[in-house]
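Chemist: sequence unavailable; structure follows:
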Ligand SMILES: Nc1ncnc2c1ncn2[C@@H]1O[C@H](COP(=O)(O)OP(=O)(O)OP(=O)(O)O)[C@@H](O)[C@H]1O
Ligand SMILES: Nc1ncnc2c1ncn2[C@@H]1O[C@H](COP(=O)(O)OP(=O)(O)OP(=O)(O)O)[C@@H](O)[C@H]1O
Ligand SMILES: [Mg+2]
Ligand SMILES: [Mg+2]
């Protein structure tokens, strides 16, 4: 119809050429390289590191909080942050233990309640953030961070609560076909979140909101709903972490999972999730979890002091994020 | 009884000692950067090295059970012979320590105990009953057996402290203390700023307060500072458990006439000897076992609730006469 | 109100004046917070009459002084859309080094000591600033990493030891406990810093450029503002304040530990956001962070006074923070609504 | 000294993959108002940024008063007396109007370097007053409407006392009346000896102001003429490379049944008593002065904001619109006035932008169907004729007009009855404008009811079947096409009804 105006009708391509350069310039390759380097270093440092049993059991140590990385990645893509997840872990595990030990709720049901409490905590975060838009997620979750842990203290006071049934140990310690259950479920959850973020309309909407929340709203994205769901997912995953953690500890206490949020944020950041919004892939966060986890595990095997470990992990985080930023042209221009 | 690790699928245990041949003795303290823990580890180290073992000293950067679980897993992979641990949580280490024991590692707790299921025995720095009672005796002497007192503890969940406070309360039931009133147990969470606020609040809420007992180093030092700054030396007495170095100025100035602690170097050394005895098979950790613990002399395994323990002596009293020689030690 | 059409300039004049009066009420955004603080104080006073006594108020302000200094630095950082999670560690590192120095050189002049601590903090701040401004790392990541690194270094240099009160000379301890003109030094230092920075923020170009960079970094570039310099400056100031606070902290508590002020950054950030500083950048006022610091100061002071069960304290604290920010929001909305109602249509 | 205050020779500027300027020339005389014209994406804004030092050119020289200069950053240009108002507002929403005006050249006390707030507020006030605006210099920039912000930008350029002032589409957000104020100011500046470069897609701007006009096309320099030396048609040919016979296309649509009826709509503080109807195939022009409340009314219909009084009927059914998605499901679409903030995800490709409102329809139970998505994006991008190579080209790399076309394409994904267009041709070149008019007309012909908000009088008169005029939140007049003239509309837009207290 525009041709009659004398316009040349353009042909706009709808296929992208596959560019090998672009493919290999992805952040995730950088992470893979780091992971390989970490593995090589560790294998050279400790004779105990590089064997199947060690690598397998090593994952059981660090995977518990790693579940929260996925929803946290989504939250960071939305330009928000959730610092209440550690407290959510504490509260949901404390409620579960209390249900089972004090109220005689069957463990199966207590587990469901644990997940539900986690999700509820996340839902409350989401609702508060959406209802009080003037407040940022930081202040809301800072408040609930203190509040949720406070409730956990009120429930259990100075007690720990354990005595879970034998089978409950399976979550944190069990194997299926010789593979840790925590690892199997982690892979499944990673795939689910990967598909959710990258292959569904929901994920697309999250990325759109991360890039431009106003335009997303004008385009009919139910921004409030998306936000609430994502924060609820974070709570749910915190509930899952609570299961694994209480299973590994055989008990729980109000002060567990302290400062988990910072570890989780560090993993997501290393994984290439940008708090500036709109960027990042689930696969990156998965690799980052293994980088940090195995680095700590490997250095632990040669008994590096905790303070040195702090410095090494900090330096790794900076190097990994900084190296790709130091582009040559920029560097020259600055000189 | 729960969360038993499945030993079948864990690292196969082909002879506990490989590299170098020396058995490895690991000590896990609550957190890093704590001089009390450092001294204990020093004691452990010199004792074990004297006995011909290799020493691994570890602590997480934060005082959490989660951090200790990670470390213990790493120690299991390294096939250590024994683990001595000052637990950050009584119960939370049970599954992982059971896993360690199931692989032949000798596990003992030191200073702050883990529950009886999680260890072979406990090395107790001093009798908790004595720790509790002796502080009440001290405070009574300081205030002339009459007046309001308060306790400034660490966190509300510190099991050590709570046990001592229980014994303090039991001691207070004795008729000779009927004029002493325990008005409040406050918690400074082992944070300087919070301990200061709590102390200030105690002084304001109870203007007639005569003494403060703080069975924790950060708490007692913070209270000492507040009493010093407010010029209350001689008016409100302070005692409790603290590091001599932290308390030296307040004991010298009389803010705290005296206080108690044990020697962490000895505690560490005792743990080293006990671990060695366990690894060598000299003792099994059962009631009545005895062994020679170097300079600490002969030790006997005694009962401790459901478990067993080695009990070191009474807490040591630090006052103006002896503080100067100890303040540079720990 | 089509403000850009003038027909009758006198009518316009009055209209403008009326709106600006309204605007001045509206502009005091932390009205709700102020009201909340007053009500909270009265409630606490009712339960424990020693709350509003001179001595307690003095204690409270003294204990809040360090927090308020840090909040000022954090406000500047937040205004530029940044965040600094490393300040707890910076406090520790500066406190530890300074304590080690004074325990060796007992005669050192307290002013030099303060300067030394501030310098150490500034070095930490410069590192953050370079990573963020020159290399372009996200502030949250850079400072999260540096938080670990500074803390690790502190543990390393302390070798697990603490520096205790008996090792510190009187002159050093009296930095925090001494008085000037009858007022505690901590308060004096905080007030001086606040006055200086009130001037810097509101009456100098650099101060306004900090806001400009946070409000719209792209326009800042077009206006020729050197964004990287401003960021470097802001993180250096934050580091300097943290370093200074390290000295004050160690002097106040007369003990330097490796884990000093661990996690304190969250308290400082809480004070800022309570005071209405937006983490999206560009806005934040000194009056706001004073109120934010005061609210936290009151909480720390009042909960022990109220004899609240320790198991309830955390929960109550979280609840009060949430309620405070929500009330503040609701009051702001009310003021906005009121403004709308007065608009002629 | 040279006859030209500013001269650029052989400027070339390349962005990755795009040659935005290709060997262009430009000469500016002292005391001249010089129009720079060309299609969207011709490179005008880029050229300005080269002059002001925001971009450095790949090759070419710049001379100021005959002397060769090179600017590495905007501050250098500012110091040499060059001030610019950029096309996309570059302001500080959290800072006061005064600060926005004086940012970069604040008044400071000699010696102490203390900022002289009082003087700055006073001067800001007087500049704004000269511009015919009563904006309080102490208000926050973010609280102003887009047009008011534009005025502040102009005030900012004036405040620098620059010798060369560059305005990139300053009238795009202004109404005729405000434009007239701007013309006067510009002339006054010229009379005081400043030279002005003026970019606009409006021919009336050029004829009213400029003495010289330079045209760019496809990144190249086409020519420079005295305004009287060249006819309108020749100019259009120079700009778009072909003739455009008729800017406003002939109406093809038949007006059908009633689609929308709005009864007594009100929102406290924004608008009151809004009643109008819209029919199938009808184009309803909605005009008024800037800030009259047109956007607010339409956003309420689209579910962005809520109304607190009145009713809305769609095809006779009473509806309440909770959110934009609900509005779209009901068949109401909205093209926002600020395409960068509200319309587009700039860091995304064209394709993803187009399909964003229709994700649900393009997916199977929530799973994205990439093939179908690409096909639809391609079809719609071609339909509105976006100047791009592929649907993966980033929207941020498109010129303003092409961005607007992408935003229009977004509306075509959904199955709508009513389309609300808020300033649809703001900043769009004459070729693209007529293309957009054509699209609007076709939409009307295919049965859509269209509400078109516009501040451009010719556009309102040329396109609308009926015209609703708003003033200060109320409808003052509804005119049929036949009765509508520029004078009648202006009178209605500014008529002096006594406002009453609401709420
Ligand atoms: N930062 C950039 N990166 C890449 N390409 C750019 C950039 N800025 C502009 N371009 C491209 O340069 C060309 C010229 O753009 P420019 O904004 O100068 O056009 P314009 O003449 O001002 O158009 P309009 O009238 O629509 O404002 C366009 O093709 C645009 O896509
Ligand atoms: N964020 C805001 N805060 C306060 N008032 C606002 C805000 N946005 C708009 N207004 C005011 O609301 C009224 C209606 O604005 P609206 O944008 O709907 O008008 P409009 O006719 O569409 O004008 P424009 O041409 O600027 O889009 C105006 O008085 C405007 O100043
Ligand atoms: Mg342009
Ligand atoms: Mg509008």
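Modeler: In hand now; what should we look at? Just so it is clear, the model here is predicted, and its values are computed rather than measured. Ligands and ions are numbered 1, 2, ... in the order given.
Chemist: contacting residues for the closest residue to residue A:134 other than its chain neighbours?
Modeler: Spatially, and ignoring its direct neighbours in sequence, residue A:134 is nearest to residue C:329 (4.9 Å; C-beta to C-beta, 6 or more residues apart in numbering or on different chains). Using the backbone N, CA and C atoms, a C-beta is placed for each residue, glycine as well. With C-beta atoms under 8 Å, 6 or more residues apart in numbering or on different chains as the criterion, the residues that contact residue C:329 are A:132, A:134, A:135, C:32.
Chemist: before we move on, which element is residue C:329 in?
Modeler: Following DSSP states H and E, the helix or strand that holds residue C:329 is helix C:310-341.
Chemist: okay, buried residues for that helix please.
Modeler: Of the residues in helix C:310-341, those with enough neighbours to count as buried (16 or more other C-beta atoms under 10 Å in any protein chain shown) are C:310-322, C:324-326, C:328-329, C:331-332, C:335.
Chemist: check stretch C:35-47 too.
Modeler: By neighbour count, and taking 16+ other C-beta under 10 Å as the criterion, the buried residues in stretch C:35-47 are C:36, C:37, C:40, C:41, C:44.
Chemist: now, which of those residues lie close to chain A?
Modeler: The overlap between the buried residues of stretch C:35-47 and the neighbours of chain A (C-beta under 8 Å from any C-beta of the partner chain) is empty.
Chemist: pretty sure residue A:268 contacts residue A:74?
Modeler: No - taking contact to mean C-beta atoms under 8 Å, the distance of 9.4 Å between residue A:268 and residue A:74 leaves them out of contact.
Chemist: now do the helices in the stretch 101-250 of chain C.
Modeler: Using DSSP state H, counting those that start in this stretch, the helices found in the stretch 101-250 of chain C span residues C:110-129, C:139-158, C:170-177, C:185-203, C:205-215, C:217-222, C:227-253.
Chemist: can you name the residue of chain B nearest to ligand 2?
Modeler: Nearest residue of chain B to ligand 2: residue B:193, at 42.2 Å (C-beta to the nearest ligand atom).
Chemist: surely that residue touches residue C:296?
Modeler: No - under the criterion of C-beta under 8 Å, residue B:193 lies out of contact with residue C:296, with a separation of 11.1 Å.
Chemist: more neighbours: these two, which one.
Modeler: In terms of neighbours (other C-beta atoms under 10 Å in any protein chain shown), residue C:296 is the more surrounded of residue B:193 and residue C:296; the figures are 24 against 21.
Chemist: and that one, that's in a strand?
Modeler: No - applying DSSP: H, G, I helix; E, B strand; the rest coil, one finds residue C:296 to be helix, outside a strand.
Chemist: got a list of what it touches?
Modeler: For residue C:296, the contacting residues are C:64, C:67, C:267, C:270, C:271, C:274, taking C-beta under 8 Å, 6+ apart as the criterion.
Chemist: other SSEs contacting the host helix or strand of the fifth one?
Modeler: Secondary structure here is read from DSSP H and E; on that basis residue C:271 sits in helix C:264-274. If you count contacts as 3 or more C-beta pairs under 8 Å, 6 or more residues apart in numbering or on different chains; DSSP states H and E, helix C:264-274 packs onto helix A:137-156, helix C:54-79, helix C:87-104, helix C:286-305, helix C:310-341.
Chemist: how far does it sit from the chain's center?
Modeler: 7 Å (C-alpha atoms, centre = their mean, to the nearest Å).
Chemist: what segments of the chain are strands?
Modeler: With no chain named, the answer covers chain A. Assignment of strands within chain A using DSSP state E yields the ranges A:161-162, A:175-176, A:179-180, A:251-252.
Chemist: let me rephrase: I mean chain B.
Modeler: If you assign secondary structure with DSSP E, the strands in chain B sit at B:24-28, B:54-58, B:82-85, B:106-110, B:121-124, B:147-153, B:180-187, B:209-214, B:237-240, B:258-261, B:290-292, B:298-304, B:307-311, B:316-319.
Chemist: which one of those strands lies nearest to ligand 3?
Modeler: Minimum separation from ligand 3 across the strands of chain B (C-beta to the ion) falls at strand B:54-58, 63.4 Å.
Chemist: tell me the strands beside that closest one, with direction?
Modeler: strand B:24-28 (parallel) (DSSP bridges).
Chemist: elements contacting the host helix or strand of residue D:207?
Modeler: Secondary-structure element containing residue D:207, defined by DSSP H and E: helix D:203-209. Judged by 3+ C-beta pairs under 8 Å, 6+ apart, the packing partners of helix D:203-209 are strand D:33-38, helix D:176-191, strand D:195-199.
Chemist: closest one to residue B:61 among these?
Modeler: Closest to residue B:61 of the helices and strands packed on helix D:203-209 is strand D:195-199 (C-beta to C-beta; 59.7 Å).
Chemist: relative to strand D:33-38, how tilted is that closest one?
Modeler: Relative orientation of strand D:195-199 with respect to strand D:33-38: 20 degrees, computed using axes from the mean of the first three to the mean of the last three C-alpha atoms, to 10 degrees.
Chemist: look up how far residue A:12 lies from the residue of the stretch 101-250 of chain B found nearest ligand 4.
Modeler: Nearest residue of the stretch 101-250 of chain B to ligand 4, counting by C-beta to the ion: residue B:193, 52.9 Å away. Counting by C-beta to C-beta, to the nearest Å, the separation of residue B:193 from residue A:12 is 63 Å.
Chemist: what's near enough to touch residue B:258?
Modeler: With contacts defined as C-beta under 8 Å, 6+ apart, residue B:258 is in contact with B:138, B:239, B:251, B:317, B:318, B:319, B:320.
Chemist: partners of the fifth one in the sheet?
Modeler: Read it as residue B:318. Beta-bridge partners for residue B:318, by DSSP bridges, are residue B:259.
Chemist: which of the buried residues of stretch C:35-47 come close to ligand 4?
Modeler: Among these, no residue lies close to ligand 4 (C-beta under 5 Å from the ion).
Chemist: got those residues as CSV, with secondary structure columns?
Modeler: Output for the buried residues of stretch C:35-47, formatted as CSV (three-state DSSP):
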residue, secondary structure
C:36, helix
C:37, helix
C:40, helix
C:41, helix
C:44, helix
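Chemist: could you pull up the residues touching the residue in the stretch 101-250 of chain B that ligand 1 sits nearest to?
Modeler: The shortest separation between the stretch 101-250 of chain B and ligand 1 is 50.3 Å, found at residue B:193 (distances taken as C-beta to the nearest ligand atom). Remark: with contacts taken as C-beta under 8 Å, 6+ apart, residue B:193 is in contact with C:63, C:253, C:300.
Chemist: at 10 Å what do you get?
Modeler: The contact partners of residue B:193, taken as C-beta atoms under 10 Å, 6 or more residues apart in numbering or on different chains, are B:222, C:63, C:66, C:67, C:249, C:252, C:253, C:260, C:261, C:264, C:267, C:300.
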